[in-house]
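Chemist: I'll drop the sequence and a predicted model, then ask my questions.
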Amino acid sequence: MSKTIEKILNIENLNKHYPGVKALEDFCFDLFPGEIHSIVGHNGSGKSTFVKILSGAIPYDSGLIYFHNTLRPQKFSPVDAIESGIRVVYQDLAISPNLSLRDNIFLGSETQKSGVIDKSKEKESIRHLIHEYNLDFDVDLEQKAHTLSFAKMQLVEIIRALIFKPGILILDEPTSALNLKEIENLLGILKLMKTKGIGIIFISHKINEVFEVSDRITVMKNGKKVWTKKKNEVQLQDIVTAMAGEAGKILKANPKRNLLNQDVVLDIKGLSKKGIINDFSYALKRGEIVSITGMKSDSLYRLARLVLNFEKPDAGEIRGLNGDKKKSLMDKKTCLLPEDRHKNSLFNRNSVSYNIDISSFQKYVGNLNLIKYDVIDTISRKFIEKVDLIYNSIKDNIQTLSSGNRQKAVLVRWLVFDADIFVIVEPTVGLDVESRFQLYNLFLDLADQGKSIMLISTDVQEILYLSSTILVYKDELIVKHLDNAGLREEDIYRYMLV
Amino acid sequence: MKTLKELSLSNKLLVVLVIELMLLSIFVGNFFTFSNFMNVFRQTSIIYMLALGQMLVLLVAGIDLSQGSIVGMVSVFSVVALKDFGVMAGILTGILTGTAIGFINGFFVGKARIQPFITTLGIMYIINGITLSLTNGQPIFNIPLEYSKLFFYLGGGYILNIPIPFIIAILATVGMGIVLYLFPFGRHIYAVGDNEEAARLCGINIFKIKFIIYGLSGFFTSIGALMLTARVNSGEPLLGEGMLFESIGAVVVGGTSLMGGVGSIRGTIMGVLIIGFLVNGLDMMNLSTFIKDIIIGMIIIFAVYSAIQKKRQR
């Protein structure tokens, strides 16, 4: 980066506090045109707060923000931010599903001709942009947004950001819902944007991507900057260490388990359902952790529901320990920790204790079907302690917990229920390194105690760390059955992609 | 030790009620008397029965718009049965009618998965239509004297100076309280309203819960309808007019969320009493009904607004 180029953004000693928490402390940051400057850090490290301040969504306490060497007023709104050339693409897309793609892209700043939207001109600008960035976006611009895949919708957001020729583009966790190929595409687009002189702030959990695409990297921890370095001056391991400290030790393989003489607790034979899987058989043993991995897809996640009979199979059968056919979840000892905690497993308007106890009310009942609260309380207290759940009061709303602790609470729910078979889907998406490893250790403990785990995850590091057997899922089939001995990430990607 | 501030925050509705009672006692003569309080308890017990049912439905993220129409049909059917077969038959017919309509709602919402608003709106029209066409819109009078005296007792009678509707309301409260907090079924209700998919993946039978809940709403509505029918001593096809929104209003003031998963019997009692005492006090001040409506409307909006503020603070 040449010194003569003027900084497009310069931030000095930015401070922001929430009641009881310093979200940002004397944070400094700068950005040159045509640069990708990444920010990495745990949940709660202050990344999101920073993005929100820059986008004008929240005010800050003190600090100086310069755009092009001009000081911005302390209070500026989202409209000011956009006028200053800042555009943000959020993790949760802000697409209106029932509007057309063109309307979505121009929402709020429509091109007008005598008071009427000039559709053809709008379309022309979009086509020009698609061509300019060589985007893989060959769709009818008048179709409704909800007909698109997530990756395509994200492209719509990016087009929306680019069409106004922003000086600064902020991408907040853009890859968390994309598959490998889509990620590759996105990173390619970012590189192209650089050449057009756009300054990009890239925020991600995935250090590999950050490392691949960045010019400079800033590591944040607890609202403070740990360091900012040029990419070619650091190793991947340096970033992990700076982010996580102790917990970030490099991954170690799953200790080999002896499962030869163990009982089969879940015997899946010839399970088939159109749109999910064809002819799936597996004998899950006591104390085993088996992983199913593949490209991120809805059908991969639905496989979990199929195995637990939340979806009716077209063919095949599933038997439990004594050869009994699995019927419903409640009376058996199986459980599901589904993908997307917020949507599929948490009761967000209720308390921590309610979220933990919900599955056990039916299980621990006495005379007249009355709930045995004393029994549930004793058991749940034991497991809350065991997983080291961090909370203020058990009666507080579940959302007062951090993401990692919410996931732990869901795990405790099924420990109190005394499940033997855990089907777990994407358990650590969006969690920081520390919470991740706490969960991994809990899963490994469970297996040591003779519980069985079927892990469905697209996080290859995760499955390498945890499982003894890895099944690779592709196009509604299990295409490969691998023993996790000396496997590397590349080995698995090969079967997933080729 | 909880500070006074914390206490008043967690009992905000109680504080509002106490302040209201104090103000009304000061400004309205004869307000703060035993007989007036018993009078309010008797009047509010009827709407409380509907509110209890409505709260349950709101807990599972639904709504029951058919309550008013159920009141009319229960009133007519029970009086028709009562005239020929006696008081017990009348009461039983009323309860069965209301509960059955509730189960029909529950079936369409739970099994056919039609939106609760649409289902209960449709049922409301159907039930109203049936009641009105059977009666030609005319009330049914002439309950034989031997029955009417006993029947009136249900809505207007007293035991030890305590109104019978109030006693029934207390029994319903205790019964529903036990179900909500001590049985698995009751705990599962909150889960279904909070996050239906998560509840399903916890192994909870969503249909069963919704079916029973709408049935209970019909059941409690029929009890309220019977109390009111007993007081007016005739089968009135239009008896339920206006009662639906009174019930929803009271429940919402009591802190139950229209989104589901949040709400309590305690709050519902508070909501019913806050509105009930206010209406009573304003009546005694000889204010017009129209002014009363304005004030109730403001209270509903204020109550919900302050609930939202509380959530934002979190």
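Modeler: Good, I have the coordinates.

Chemist: low-scoring pLDDT stretches of chain A, where are they?
Modeler: Scanning chain A for pLDDT under 70 picks out A:1-4, A:19-21, A:43-44, A:176, A:244-256, A:321-332, A:497-498.

Chemist: flag every residue of it that's near chain B.
Modeler: Contacts of chain A with chain B, taken as Cβ under 8 Å from any Cβ of the partner chain, map to A:305, A:310, A:328-330, A:336, A:338, A:343-350, A:354, A:357-359, A:361-362, A:365, A:369-371, A:397, A:399-400, A:413. (C-beta placed from N, C-alpha, C; glycine too.)

Chemist: buried ones among those residues?
Modeler: Among the residues of chain A next to chain B, those classed as buried by neighbour count (16 or more other Cβ atoms under 10 Å in any protein chain shown) are A:305, A:310, A:329, A:336, A:338, A:344-350, A:354, A:357-359, A:361-362, A:365, A:371, A:397, A:413.

Chemist: list the contacts of the closest residue to residue A:231 other than its chain neighbours.
Modeler: In space, and not counting its chain neighbours, residue A:231 is closest to residue A:214: 5.1 Å by Cβ to Cβ, 6 or more residues apart in numbering or on different chains. By Cβ atoms under 8 Å, 6 or more residues apart in numbering or on different chains, the residues touching residue A:214 are A:36, A:37, A:38, A:202, A:231.

Chemist: ok, now how distant is residue A:214 from residue A:81?
Modeler: 23 Å (Cβ to Cβ, to the nearest Å).

Chemist: next one: residue A:301
Modeler: Taking Cβ to Cβ as the measure, residue A:301 falls 36 Å from residue A:81.

Chemist: list the contacts for the closest residue to residue A:420 other than its chain neighbours?
Modeler: Among residues not flanking residue A:420 along the chain, residue A:333 sits closest, at 4.0 Å (Cβ to Cβ, 6+ apart). Neighbour list for residue A:333: A:418, A:419, A:420, A:421 [criterion: Cβ under 8 Å, 6+ apart].

Chemist: likewise for residue B:228?
Modeler: By Cβ under 8 Å, 6+ apart, the contact set of residue B:228 is B:46, B:71, B:75, B:155, B:239.

Chemist: for those, work out which two are farthest apart.
Modeler: Taking Cβ to Cβ as the measure, the contacts of residue B:228 span a maximum distance of 12.8 Å, between B:71 and B:155.

Chemist: so those two - more neighbours on which side?
Modeler: Neighbour totals were compared for residue B:71 and residue B:155, and residue B:71 leads with 33 against 22 (other Cβ atoms under 10 Å in any protein chain shown).

Chemist: so what's the more buried one up against?
Modeler: Residue B:71 makes contacts with B:50, B:221, B:224, B:225, B:228, B:239, B:240, B:243, as judged by Cβ under 8 Å, 6+ apart.

Chemist: reformat these as CSV; add secondary structure and distance to residue A:143.
Modeler: Output for the contacts of residue B:71, formatted as CSV (DSSP: H, G, I helix; E, B strand; the rest coil; distance: Cβ to Cβ, whole Å):
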residue, secondary structure, distance to residue A:143
B:50, helix, 47
B:221, helix, 47
B:224, helix, 51
B:225, helix, 52
B:228, helix, 55
B:239, coil, 52
B:240, coil, 47
B:243, helix, 47
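
Chemist: for residue B:121, which non-adjacent residue is closest in space?
Modeler: Residue B:121 sits nearest to residue B:65 (Cβ to Cβ, 6+ apart), 5.1 Å away.

Chemist: can you classify the one you found by secondary structure?
Modeler: Assigned with DSSP: H, G, I helix; E, B strand; the rest coil, residue B:65 falls in the coil class.
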